[in-house]
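Participant: A structural model of the following input is requested.
(chains A and B)
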Protein chains: 2
Amino acid sequence: MNSNTFSKHLQINRINVKDNFWKKMMELARTHVIPYQWEALNDRIEGAEPSYCMQNFKIAAGMMEGEFKGFVFQDSDFAKWIEAVGYSLMWNKDEGLEKIADGAIDIVCAAQQPDGYLDTYYIINGLDKRWTNLRDNHELYCLGHLIEGAVAYYEATGKDKLLNAIVKYVDYVDTIFGPEDSKLHGYPGHEVIELALIKLYKIKKDKKYLNLVKYFIDERGKSPLYFEEEGKKYNNKFWWEDSYFKYQYYQAGKPVKEQEVAEGHAVRAVYLYSGMADVARETNDDELLEACKCLWSNMTKKQMYITGGIGSSQYGEAFTYDYDLPNDTIYAETCASIGLVFFARRMLEIESKSQYADIMEKALYNGIISGMSIDGTKFFYVNPLEVVPEASEKDHLREHVKVERQKWFGCACCPPNLARLLTSIGSYAYTLRDNTIFMHLYMGGEISANFSGKSVSFDIKTNYPWEESIDINLNMKEEAGFEFALRIPEWCRNYEIKVNEEKINFSIIDGYAYINRKWKDADKINILFKMPVEIVRANINVREDMGKVAVMRGPVVYCLEEEDNGPDLHRVYLKSNPKFTYEYDKDFLGGAIVLESDGLVVKEQDCDKDKLYVYDSKIEFNEKKLKWIPYYLWANRTPGEMIVWVRKCI
Amino acid sequence: MNSNTFSKHLQINRINVKDNFWKKMMELARTHVIPYQWEALNDRIEGAEPSYCMQNFKIAAGMMEGEFKGFVFQDSDFAKWIEAVGYSLMWNKDEGLEKIADGAIDIVCAAQQPDGYLDTYYIINGLDKRWTNLRDNHELYCLGHLIEGAVAYYEATGKDKLLNAIVKYVDYVDTIFGPEDSKLHGYPGHEVIELALIKLYKIKKDKKYLNLVKYFIDERGKSPLYFEEEGKKYNNKFWWEDSYFKYQYYQAGKPVKEQEVAEGHAVRAVYLYSGMADVARETNDDELLEACKCLWSNMTKKQMYITGGIGSSQYGEAFTYDYDLPNDTIYAETCASIGLVFFARRMLEIESKSQYADIMEKALYNGIISGMSIDGTKFFYVNPLEVVPEASEKDHLREHVKVERQKWFGCACCPPNLARLLTSIGSYAYTLRDNTIFMHLYMGGEISANFSGKSVSFDIKTNYPWEESIDINLNMKEEAGFEFALRIPEWCRNYEIKVNEEKINFSIIDGYAYINRKWKDADKINILFKMPVEIVRANINVREDMGKVAVMRGPVVYCLEEEDNGPDLHRVYLKSNPKFTYEYDKDFLGGAIVLESDGLVVKEQDCDKDKLYVYDSKIEFNEKKLKWIPYYLWANRTPGEMIVWVRKCI
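Facilitator: Take a look at the predicted model:
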């Protein structure tokens, strides 16, 4: 491993996202999702299943009487909320919110046990039972989210009450798990603590946190299998006995360094891979990095939807097998794509190759933000690429494929995950390596950085992903020598980069245009990424997409909705050389580029009125104008059919 | 209703099937399935789940100690076996088999209770509990099969021990169910007793049997719903509370005359519809006949696979909704197609319209006999139209889709159902109406009938479905005036009928060619049904088949198998005007017409080696010879991929 290629992401407080696209979503998360979630944590949402989250903490703290209620991982609802609160406070001071958060933290900390333990399920149900079902009972998962929340809130506010409590908990956990004979040789059934411990390690600089996560990762899947032994010892029911993935549901069927194919529960998988990448980087573990690359490659080249969706099966919310990407019985959980972005960012911090940012962009502009309605109040767990309302109602295999976003979920993972991603979205866009600033994602706003002690700020103006131009204006007191590394998106085959209106020379390495010079105040970079409408086909091994194409413009995947194109979208064909036009419609669902094309629709013939099978009859077509909208905007109007992959004449 | 259109099927003992196609399968059923099943009933099959069937009867009879074991409907295993035994004895005397059957009957009858009751589950577990869960506990279902078995064995042998026992049981049941206040107003959760009681009625001529089945049918689905009341009263768990079909799983969500769409468990549905048709005919109930026609039409024009498979969903083994015919996640249970043939035959006995026989033929030559291996030892429950072995292994939605036929099943419904159908196959081919003999199916052999007291026999020679010609030679002592009604198959658009080598005039009514004349000994009819290879497309509303075609010749549906065409069958395209050749291969899986055609296969391009999504790339083709085999013969060689619906260039 070459640590010279490592880069670090720019901290959120150095980024002021201001563009039309992301800022709007950040504000939705801040003004809608975070307050709504606080109400949900306190069971004050009418008609929604209660969360019991804050109630459990109060009971555990002895502040009220009662039983533990809700899922075993309910504590993590608070943790994800406080993390999003932290990020939002970084770019929007809000004393009222901070006060609420401090109050919540007081309750949470009051539940902590003298030894540091802090999991309400076991505090309420009996501490003697803790650590008896690591596989399914989410103790380390909840701790992982608590760490992330505590770190974010500390970084945003400087307040360390929660952080200190969590550090105490982690220090206690460190006495429980490890290679010593006296300790448990276990690891979490649902990963996330791995990447969380690295965040803690970076703040506290204490190697023991790094050692602990390294232990969790190295021990995972070793024989004899901890989960199997634990299951026998405590008589824990094993849900996946008859499944083809068995312990690989937890990515624990074999040691992680031997895993070459993404398997099992998709969210767990990408959380683990993110932690693996972190540890590989921090410990210079080449073998572990190799495993990360291999899993990345399998996942993104053989098991990912064009929207950045992963985990194609509802059964186990899991990966299935190479090129198995059904569009209609799909799972593609919003959280899984978010986890894919976590993994991508960490790989990007190890090596500056545009493939990671390309996938990050693909997931962000498509399969992730499709998870939220444009008013920020409704959410998809499942992000289908083909929807027929009657099927969602009457086909058991598609009952999980909702035609409309839902208000909130009993198991509320996707909405808070979206909130914490959107409130920190800027931090995915840039990394720094020595005197090089990488621009991985293009969003409008201001950022600042130091190069050899000189402070520089950049004013980025763009209407990305709708417009082709990105203008970067530099502000600095004195000249500074540093390097820009601008990602050339994989979808872009025609682009121009100018500095101060002049074409310049630059080299392309691993998908980045490197521009190294002495910069002075008021210098300008103008980037033009040509964005023609692209017709995309899937790899020939993707059975579901054979004979079909998808339509993209820039990073945005398009779809056809019934509202614009009528029902029976399976009868629509694109012509062999379709003509597209496009236009920015500011009134369309908050503003978006909408496409139009010519197309064909299979004609109903007389025989189709009463025959199920027709001999010696060819299909005939009528001409049809097609209207394409960005995939992420689907299901914001009248519920109806939707498709991404459309049949095409050869 | 016009009872002038009624016809009656020819009795089995007047039919001597001798052709190469069906006789071979009848012999498989007689020599393999029936003996194997007897071993299974007695738990003597190594490696197979025990049936416990005969053991339960022995325990119930006090001949041994023990508990009831197996499914609640285990008694029906004996019933289906004795029915097949009966049919086989009609065309193949076998004293040894008869002795075994008599011995089995002795055991079964010994279990009968003084009041006539005969269901081992409740005899063993407590008679006080009988009739407390009609919805799910199969008492009337088992009785239905027992009636069918008893009738068949009586008709074959003249022995009435079992028949008398069952009559006593039915007479007892008649005191339990009926419109009187003192009786239960229930009906079976799993239908079959309806059509069975009609068989009993025809033998015993006692109206009370007709009245009982009419009661079961008329009462079904009436409000307040018996199943709901019963469930509340006895606290029976309702499995389908959250399903979209609820009580329609049992075809009991509304009165049967109000049902217009085939819904719920497919086997139950077609058994019910068969009974409905029987009752409609026997009672001249026009409204009931209308319901039958409506359900027939919905099922065969909107919910049936090209193979005659019905019930597209594994969930509830059920119908879903119009035009929902997935090829890969399919159910299409062998038994459901067999039940469809039962229904078709009964409709045909009401009105001589070829649509019923056409569907019967379609199911028989394709989706039914695909259920059995060519050696008669292995069976499919599920008859898929598209199989990918990796998917059956790793996709939870397709785990039920087996790549190889299985030896026997714990719930052994399909193999014995196949046995009773095959051993009586001749009885589906012919019906008589006054002086008209209808030939619905074409099979070689001899049949005899009486016309105005004159005995005539027909010697039918054909290699149907492989060859186009059917020759009928008449044998009679004296001239006789009667009418032939020969079905013109719906797949046939070019045919010739000659009498004594001369073209004749005939009229076509409802798909039958009527030839009425004075016939004399040695008269000959020569039929020629032209059988070109046909390219068939599905109705444009069948989403799964859009852009694809199926290949047929005569009634036989063809498929592509990996063994002949390599893997990745999704990449195969038929050309827009494909050329086919065909040839009878006597060595191919027992002899069959095999097709060859030109075709195309999507070429792997360089980008397919490492890209999942490809911009601006068209698919390219290589030429490829395709070999097509009859669908019913699939999975008799090396396990691999198979498809029926193949992509086609427009």
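Participant: which outside residues touch the helix or strand of chain A with the lowest mean pLDDT?
Facilitator: When each helix and strand of chain A is scored by mean pLDDT, DSSP states H and E, strand A:8-9 comes last, with a mean of 90. Contacts of strand A:8-9 with the rest of the structure, by CB atoms under 8 Å, 6 or more residues apart in numbering or on different chains, involve A:R345, A:E349, A:S427, A:Y428, A:Y430, A:T431, A:L432, A:R433. C-beta: built from backbone N, CA, C; applies to glycine.
Participant: ok, now with 7 Å
Facilitator: For strand A:8-9, contacts defined as CB atoms under 7 Å, 6 or more residues apart in numbering or on different chains pick out A:R345, A:E349, A:S427, A:Y430, A:T431, A:L432.
Participant: try stretch A:142-162
Facilitator: A:73, A:75-76, A:79-80, A:82-83, A:85-87, A:89-90, A:98, A:101, A:105, A:108-109, A:119, A:163, A:166, A:169-170, A:173, A:192-193, A:196-197, A:199-200, A:203.
Participant: around chain B, pick out the residues from the stretch 551-650 of chain A.
Facilitator: By CB under 7 Å from any CB of the partner chain, the residues of the stretch 551-650 of chain A that approach chain B are A:570-571, A:602, A:604, A:608, A:610-617, A:619, A:647, A:649-650.
Participant: the same query, at a cut-off of 8 Å, please.
Facilitator: Proximity of the stretch 551-650 of chain A to chain B (CB under 8 Å from any CB of the partner chain) is limited to residues A:552, A:568, A:570-571, A:602-605, A:608, A:610-619, A:647, A:649-650.
Participant: from these, which land in strands?
Facilitator: A:M552, A:V602, A:Y613, A:V614, A:Y615, A:R647 (DSSP state E).
Participant: residues near A:L633, how many?
Facilitator: When neighbours are defined as other CB atoms under 10 Å in any protein chain shown, A:L633 has 21 of them.
Participant: which residues touch A:E361?
Facilitator: A:H440, A:L441, A:P489, A:P555.
Participant: contacting residues around A:L118?
Facilitator: For A:L118, the contact set (CB under 8 Å, 6+ apart) comprises A:D75, A:V108, A:A111, A:Q112, A:L143, A:L146, A:A165, A:I166, A:Y169.
Participant: let me know the secondary structure of it.
Facilitator: Here A:L118 is recorded as coil under DSSP: H, G, I helix; E, B strand; the rest coil.
Participant: what about A:S3, neighbour count?
Facilitator: Neighbour tally, A:S3, other CB under 10 Å: 8.
Participant: leaving out sequence neighbours, find the closest residue to it.
Facilitator: A:N284 (6.6 Å; CB to CB, 6 or more residues apart in numbering or on different chains).
Participant: against A:Y247, how distant is A:E228?
Facilitator: Remark: distance between A:E228 and A:Y247 (CB to CB, to the nearest Å) = 7 Å.
Participant: which one of these two is surrounded by more residues?
Facilitator: A:Y247 (22 against 15).
Participant: does the residue lying closest to the more buried one once chain neighbours are set aside lie in a helix or a strand, and which?
Facilitator: Here the nearest residue to A:Y247 in space, its sequence neighbours aside, is A:G253; by CB to CB, 6+ apart that works out to 4.2 Å. Assigned by DSSP states H and E, A:G253 belongs to no helix or strand.
Participant: measure A:G253 to chain B for me?
Facilitator: 14 Å (CB to the nearest CB, to the nearest Å).
Participant: number of nearby residues for A:D181?
Facilitator: 6.
Participant: next one: phi and psi at it?
Facilitator: Here is the backbone geometry of A:D181 (degrees, to the nearest 10): phi -60, psi -30.
Participant: kindly report the same for A:E561.
Facilitator: Torsion angles at A:E561 (phi, psi; degrees, to the nearest 10) stand at phi -120, psi 150.
Participant: list the contacts of the residue nearest to it when sequence neighbours are not counted.
Facilitator: Leaving aside its sequence neighbours, A:E561 sits nearest to A:M642 (CB to CB, 6+ apart; 5.1 Å). Contacts here follow CB under 8 Å, 6+ apart; on that basis A:M642 touches A:P384, A:E386, A:V387, A:C559, A:L560, A:E561, A:E562, A:L569, A:W634, A:A635.
Participant: how does it look with 6 Å?
Facilitator: Contacts for A:M642 (CB atoms under 6 Å, 6 or more residues apart in numbering or on different chains) come out as A:V387, A:C559, A:E561, A:W634.
Participant: so does the helix or strand A:I525 falls within get close to chain B?
Facilitator: Using DSSP H and E, A:I525 falls within strand A:524-529. No. Using CB under 6 Å from any CB of the partner chain, strand A:524-529 stays clear of chain B, with a minimum separation of 13.8 Å.
Participant: which parts of that strand are buried?
Facilitator: A:I525, A:N526, A:I527, A:L528, A:F529 (16 or more other CB atoms under 10 Å in any protein chain shown).
Participant: and the nearest residue to A:D75 once chain neighbours are set aside, how many neighbours?
Facilitator: The shortest distance from A:D75 to any non-neighbouring residue, by CB to CB, 6+ apart, is to A:C142 (4.3 Å). Other residues within reach of A:C142, judged by other CB under 10 Å, total 26.
Participant: report how many residues lie close to the residue in the stretch 1-150 of chain A that chain B sits nearest to.
Facilitator: At 15.9 Å from chain B, A:E49 is the closest residue in the stretch 1-150 of chain A, using CB to the nearest CB. Using other CB under 10 Å, the number of residues around A:E49 comes to 14.
Participant: with A:N417 instead?
Facilitator: Quick note: A:N417 (other CB under 10 Å) scores 24 neighbours.
Participant: give me every residue that touches it.
Facilitator: A:N417 neighbours (CB under 6 Å, 6+ apart): A:C335, A:I338.
Participant: output the below-cut-off pLDDT ranges for chain A.
Facilitator: A:409-411 (pLDDT under 70).
Participant: most remote residue from it's center?
Facilitator: A:D616 (49.3 Å; CA atoms, centre = their mean).
Participant: torsion angles phi and psi at that one?
Facilitator: Backbone phi and psi, for A:D616 under degrees, to the nearest 10, turn out to be phi 50, psi 40.
Participant: quick check: A:Y558 touching A:V551?
Facilitator: Yes. Counting by CB atoms under 6 Å, A:Y558 touches A:V551, with 4.4 Å between them.
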